[in-house]
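# could you work out the structure for the sequence below:
(chains A and B)
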Amino acid sequence: MSSSAPGVPADPDPAGRPVLTRDDVVHLAHLSRLDLTEAELDTYVGQLEVILESVATVSEVAGDDIEPTSHAVPLTNVFRDDEPRPGLTQQQALDQAPAAVAGRFGVPQILGEDL
Amino acid sequence: MSMDAELTRMTAQALAGAIESGQVSSVEVTQAHLDRIAEVDGAVHAFLQVSTDRALAAAAAVDAARAAGEPAASVLAGVPLALKDVLVQQGVPTTAGSKILQGWIPPYDATVTRRLIEAGVVILGKTNMDEFAMGSSTENSAYGATHNPWDLDRIPGGSGGGSAAALAAFEAPLAIGSDTGGSIRQPAAVTGTVGAKPTYGGVSRYGVIALASSLDQVGPCARTVTDTALLHTVIAGHDPLDSTSIPQPVPDVLRGVRRGQTEGVAGMRIGVVTELGGEGYQSGVLSSFRRAVDTLQAAGAEIVEVSCPHFRYGLAAYYLILPSECSSNLARFDAMRYGLRVERTPDGAMLGSAEAVMSATRGAGFGAEVKRRIILGTYALSAGYYDAYYGSAQKVRTLITKDFDAAFGQADVLISPASPLTAFPLGEKANDPMAMYLNDLATIPGSLAGIPAMSVPSGLASDTGLPVGLQVMAPALGEEAMYRTAAAFEAAYIAEHGRTVPESVPELEVSSR
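Below is the predicted model of the structure:
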């Protein structure tokens, strides 16, 4: 699956069982910005398969007529008065940064050289 | 018993009274607990950080205010507390149990931290936890597991095992926990202490490092129901800095406790949830629970059996919603603004881009369970899978809430075991994620519905001799009835056994370690 269409997860197999390959986990790790070792990949493929098989049971009862619940106690349009309040100073905000340059967060190169 | 030992065994309520009346100073009380931590925490490892100087300074300020004739700042002024390391405290290292935040010093206080400080509560330090609150044993902490004071070879529960163990080891009379799927209630259950998860939105989460935002809730922990309720009143209430905070008065939890202690549960209908028992529950847990049901019936309750058929899908829904939300929340750990930054490959070469630095940092800074859940969440939120997984899980959440609504039509509160198992040996489930997830079986439905739920010790299991927790669940904002039930049960337990469960923790044998 991920060999044919990277980024598009596989459909569940005909038995309704999710299929997760090692390549899928590699792809998901990339999307999540997580460097994984080969050993981690080996471990996760099997474990995620077991977990996914177990959690897939939610589809048994999730009928079209059921409204989803996103928050337990719904609150909508929570506003506060638009009044300035003290926030962190520039120095406080930068104090714990891995790198700071000229009063800004110092970060590695964002765009590749070929761009 | 030495004066120190007496002070560490007292309730928070008694300590506050003794401090207010001048029988003892807050500095003496604080020092006694710091001494206790120095004596036993090498074996228990409840604390990641002990703030000795800060704690003594805070205690001295309480004593000075009293000497100046000022009224006590709160019902808990001068009493020490252990703060879970998921809440930020300005100037004190906060890690959430993760290597990615090692050495990070927060520039502000969480609202709960600020309320504690303003109430004169003395913060002793930060407690150990599963990394980013993901786990049921504290074994996922990047800084080593916490040991259960009942048996140092066993888990203290999780994720708030440090807070619960600090209470059971008499290192602190009060603690703060956070509960997403059971992280207050399951540790309370397996350490024989008390822990309450308030209604979702009942306590501010400003300054609480987020796990799953639609589920996370901060709550009070202690060794008695009264102490838990007192701490509840100090930390709860609306906070404009948290948009999910409930803009309504805090339920009168202290009245609930008083009624439970004086009237028991007379006239209350208490529901036993059929689905929260049986398969997957240890026999010693179930027999302790059955005795608790008899005790509550004798204390005046009408016991009714209620069925919540969709609870069996709770665990599955939870382990889709939680990873989805945590994969998004943990995206903030990007190595750019704070926390760890890994700039070189293992061979020492500079990484060429921000993206490579991000991936290397997250790969090095997150532990196994965190990575597992981030990948699972990223998968569940993928195009083409969203409806089948996250969408379906949210529908299950609706069904579980409806089950609760129906159950609360038949009963004022619901009860169940808080944890299916008593404390198991460290290492036993560390490499089996699914087995670990099952520890949340009884606590997850209440989390998904956002209702208040707490664990109060129901006694010791007949098979393992270890503590068992009784879970009491109430409708949203029904904390008064929840605390009443827990207080009534605790009073009946004391009447029968002569002491509370945490008063029977065996003396720690720390010299052998």
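# from now on I want contacts and neighbour counts done on CA atoms only, so please keep to that.
Will do.
# and the residue nearest the centre of chain A?
Taking CA atoms, centre = their mean, the centroid of chain A lies closest to A:Ser32, which sits 5.4 Å from it.
# just checking, that residue touches B:Ile374?
Yes - counting by CA atoms under 8 Å, A:Ser32 touches B:Ile374, with 7.0 Å between them.
# overlap in contacts, the two.
B:Ser327 (CA atoms under 8 Å, 6 or more residues apart in numbering or on different chains).
# how many other residues sit next to residue 49?
Defaulting to chain A. Residues near A:Glu49, counting by other CA atoms under 10 Å in any protein chain shown, number 16.
# you answered for a different chain; I wanted chain B.
Counted by other CA under 10 Å, the residues lying close to B:Gln49 total 18.
# look up the residues forming beta bridges with it.
Beta-bridge partners for B:Gln49, by DSSP bridges, are B:Lys126.
# now chain B, which segments are flagged as low pLDDT?
Counting by pLDDT under 70, chain B has low-confidence residues at B:1, B:511-513.
# and the residue nearest the centre of it?
Nearest to chain B centroid, counting by CA atoms, centre = their mean: B:Ile184, 2.2 Å.
# so where do the strands sit in the chain?
Reading this off chain A. A:100-101, A:104-105 (DSSP state E).
# let me rephrase: I mean chain B.
So, for chain B - with DSSP E - the strands run B:47-50, B:80-84, B:122-127, B:174-179, B:194-197, B:217-222, B:269-273, B:302-306, B:413-417, B:453-460, B:467-473.
# give me whichever of those strands is most buried.
Ranked by mean neighbour count under mean count of other CA atoms under 10 Å in any protein chain shown, the strands of chain B are led by strand B:194-197, which reaches a mean of 34.
# roughly how far apart are the residue in chain B sticking out farthest from the centre and B:Val357?
In chain B, counting by CA atoms, centre = their mean, B:Ala349 sits farthest out from the average C-alpha position, at 42.8 Å. Using CA to CA, to the nearest Å, B:Ala349 is found at 12 Å from B:Val357.
# list the buried residues in stretch B:311-325.
By neighbour count with 16 or more other CA atoms under 10 Å in any protein chain shown, stretch B:311-325 contains the buried residues B:311-325.
# could I get it in PDB with only the CA atoms?
Taking C-alpha atoms only, stretch B:311-325 is exported to PDB below (Å, rounded to 0.1, in the frame of the first residue of the first chain):
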ATOM      1  CA  PHE B 311     -18.800   1.100  28.400                       C
ATOM      2  CA  ARG B 312     -17.200  -1.900  26.700                       C
ATOM      3  CA  TYR B 313     -16.200   0.300  23.900                       C
ATOM      4  CA  GLY B 314     -14.800   2.900  26.200                       C
ATOM      5  CA  LEU B 315     -11.200   1.700  26.200                       C
ATOM      6  CA  ALA B 316     -11.100   1.500  22.400                       C
ATOM      7  CA  ALA B 317     -12.600   5.000  22.000                       C
ATOM      8  CA  TYR B 318     -10.200   6.400  24.600                       C
ATOM      9  CA  TYR B 319      -7.100   4.900  22.900                       C
ATOM     10  CA  LEU B 320      -8.100   6.600  19.700                       C
ATOM     11  CA  ILE B 321      -9.100  10.000  21.100                       C
ATOM     12  CA  LEU B 322      -6.100  10.300  23.400                       C
ATOM     13  CA  PRO B 323      -3.400   9.500  20.800                       C
ATOM     14  CA  SER B 324      -5.000  11.800  18.300                       C
ATOM     15  CA  GLU B 325      -5.100  14.700  20.700                       C
END
